[in-house]
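# Need the 3D shape of this:
(one chain, ligands or ions: 1)
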Amino acid sequence: MSASKLRPVIASRKSFPPWMIILGVLGVLAILGLVIGLLVHFLAVENKIYYYQGSFKVLNIPYDRNYERETSLESNYLSKILEIKMVDAFESSNIYKQYINSQIITLVPENNSVTAHIWLVFKDPRSNQESLRRRIENILHQMLENNSGSLTTDPGSLKLTEITKVDAEKIINNRCGRRPRMSATYDRITGGSTAQKGEWPWQASLRVNGKHHCGASLIGERFLLTAAHCFQRTNNPKNLTVSFGTRVTPAYMQHYVEEVIIHEDYVKGQHHDDVAIIKLTEKVSFRNDVHRVCLPEATQVFPPGEGVVVTGWGSLYYNGKSPLLLQKASIKIIDTNACNSEEAYGGRIVDTMLCAGYMEGNVDACQGDSGGPLVHPNSRDIWYLVGIVSWGHECGRVNKPGVYMRVTSYRDWIASKTGI
Ligand code: ARG
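Predicted structure coming up:
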């Protein structure tokens with residue numbers, strides 16, 4: 001193609017005066033702004049979110065202090081029954097479209113009863129708040145009246161009050177193992193976006209001289225659990241910091257370390273008792289994207305085949321690059337005997353360790369993930385720490401799954417050091 005043929009085309013483009021282009025662009029921007037504004041306005045107004053807090057009594061339950069422990073078998077069992085009752089009641093009611101979520105927050109055992117503290121979320125396009133509250137109260141009242149199951153509930157004990165979003169989130173963030181993913185779901189309704197932010201709020205980055213070195217899990221306001229081998233280079237609190245969030249650099253919420261408690265039986269260069277506790281100088285204030293994971297009871301069992309998730313900023317493959325954003329991998333608990341087979345780890349897995357991943361390889365933790373969490377959601381979608389990333393032969397190799405410290409084996413040790 002010759003140059004002379006192109007020239008007229010270029011010339012004709014130039015004939016648009018600049019003011020016309022500016023005006024056109026401004027016009028388009030104005031319309032776009034109006035549309036977005038209206039959309040946000042209507043979506044937000046149409047789905048206003050309401051939060052409630054309340055309580056009711058379950059009668060004829062002999063006093064059992066296990067109900068005071070949020071992670072006990074008894075608490076989870078009774079809470080699950082009551083949560084199913086609530087979901088059924090709301091989903092078969094005439095306000096099922098407004099219903100979003102209901103949970104048991106705490107159980108308080110008394111002489112011959114248990115008081116259940118509840119937490120509810122609804123959406124409603126109308127602004128008559130008191131009428132919605134009363135309708136919810138009526139449904140709960142009816143639910144408590146018909147004692148179809150083995151439980152006797154007291155409708156007269158029912159209390160229900162509306163609370164602010166801030167207070168509602170505070171209640172959830174003070175409990176262990178809950179994710180604000182629920183809140184992300186209803187954020188989406190109000191037109192927000194669902195980020196991966198807050199998906200693993202207990203995940204921490206242990207930093208040596210400001211650089212990511214290991215993973216760790218927040219288990220209390222001032223305590224984290226990690227691997228002992230993370231302190232091979234240094235366990236001097238002066239060199240250590242802890243941060244949270246999904247992006248490793250720059251550090252999000254820097255915290256200082258007061259003390260590192262390494263398991264007494266850990267031996268450098270060996271793999272057993274690879275557990276340590278980090279005590280922070282100050283309390284972490286829990287928020288949607290930073291709060292603690294639940295610790296399982298010492299007696300709890302996590303059978304082979306159970307789905308678990310490992311998270312961390314470790315390298316993407318053996319000797320490979322490290323990611324900037326937190327990574328997650330869904331894996332499965334592997335039977336210890338299978339993991340001890342000749343092709344696998346040939347008897348090196350002791351009963352305080354746990355294998356997780358796939359014998360086929362590919363999905364695994366890797367260097368830099370050490371100390372980080374291996375978690376499992378219970379039937380109420382509350383997340384428990386089952387393992388601490390410890391070791392493995394390279395990463396994602398066939399017959400060489402990741403090896404984790406079994407948290408239940410160290411549950412009493414953790415309690416003795418932290419009171420948790
Ligand atoms: N020891 C490694 C670290 O210090 C992590 C080991 C995990 N390896 C594995 N294949 N799962 O980060």
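# Show me which residues of stretch 163-179 are buried.
Neighbour-count burial for stretch 163-179, with 16 or more other CB atoms under 10 Å as criterion, is recorded at 163, 168-169, 171-173, 175-179. All C-beta spots, glycine's among them, are computed from the backbone N, C-alpha and C.
# Name the nearest residue to whatever residue of the stretch 1-150 of the chain ends up closest to the ligand, sequence neighbours excluded.
As assessed by CB to the nearest ligand atom, the ligand sits closest to Thr71 within the stretch 1-150 of the chain, at 26.2 Å. Across the structure, with CB to CB, 6 or more residues apart in numbering as the measure, the residue nearest Thr71 apart from its sequence neighbours is Cys294 (5.0 Å).
# Hmm, the one you found is touching Val386, no?
No. Using CB atoms under 8 Å, Cys294 is not in contact with Val386; the gap is 10.2 Å.
# ok, those two, which is more surrounded?
More neighbours sit around Val386 than around the other of Cys294 and Val386, counting by other CB atoms under 10 Å; the figures are 25 against 21.
# how distant is the helix or strand containing the more buried one from the center of its chain?
Val386 belongs to strand 383-391 when elements are defined using DSSP states H and E. Per CA atoms, centre = their mean, to the nearest Å, the displacement of strand 383-391 from the mean C-alpha position of its chain is 14 Å.
# How many neighbouring residues does Asp364 have?
24.
# for the nearest residue to it once chain neighbours are set aside, phi and psi?
Of all residues not flanking Asp364 in the chain, Gly396 sits nearest, at 4.1 Å (CB to CB, 6+ apart). In this entry, Gly396 is assigned phi and psi values of phi 70, psi 20 (degrees, to the nearest 10).
# Against Glu360, how distant is Gly396?
9 Å (CB to CB, to the nearest Å).
# got it, and Tyr252?
For Tyr252 relative to Glu360 (CB to CB), the value is 35 Å.
# Just want to know which of those two has more residues nearby.
Comparing Tyr252 with Glu360 by other CB under 10 Å, the one with more neighbours is Tyr252, at 15 against 11.
# What's opposite the more buried one in the beta bridge?
Phe244 (DSSP bridges).
# from what I can see it touches Val242, true?
No. In terms of CB under 8 Å, Tyr252 does not count as a neighbour of Val242; the distance is 10.7 Å.
# List the contacts of the residue in the stretch 251-400 of the chain positioned nearest to the ligand.
Among residues of the stretch 251-400 of the chain, the one nearest the ligand by CB to the nearest ligand atom turns out to be Gly392. It sits 2.4 Å away. Listed by CB atoms under 8 Å, 6 or more residues apart in numbering, the contact set of Gly392 reads 357, 364-365, 400-403.
# Now for those: which two are most distant?
Considering CB to CB, no two members of these lie farther apart than Ala365 and Lys400, which are separated by 11.8 Å.
# more neighbours, the two?
Taking other CB under 10 Å, Ala365 and Lys400 do not tie; Ala365 has more neighbours (31 against 20).
# Which residues are in contact with Pro373?
The contact partners of Pro373, taken as CB under 8 Å, 6+ apart, are 200, 202-203, 215, 217, 293, 310-311, 385, 387-389.
# Within reach of the ligand, which of the residues you listed are there?
Within the set of the contacts of Pro373, contact with the ligand (CB under 6 Å from any ligand atom) is found for Val389.
# Which one (most neighbours) among the contacts of Pro373?
Val389 (33 neighbours).
# Let me know whether my guess that Leu39 is in a helix holds.
Yes. Per DSSP: H, G, I helix; E, B strand; the rest coil, Leu39 lies within a helix segment.
# By mean pLDDT, point me to the weakest helix or strand of the chain.
Lowest by mean pLDDT, DSSP states H and E among the helices and strands of the chain is helix 181-189, with a mean of 39.
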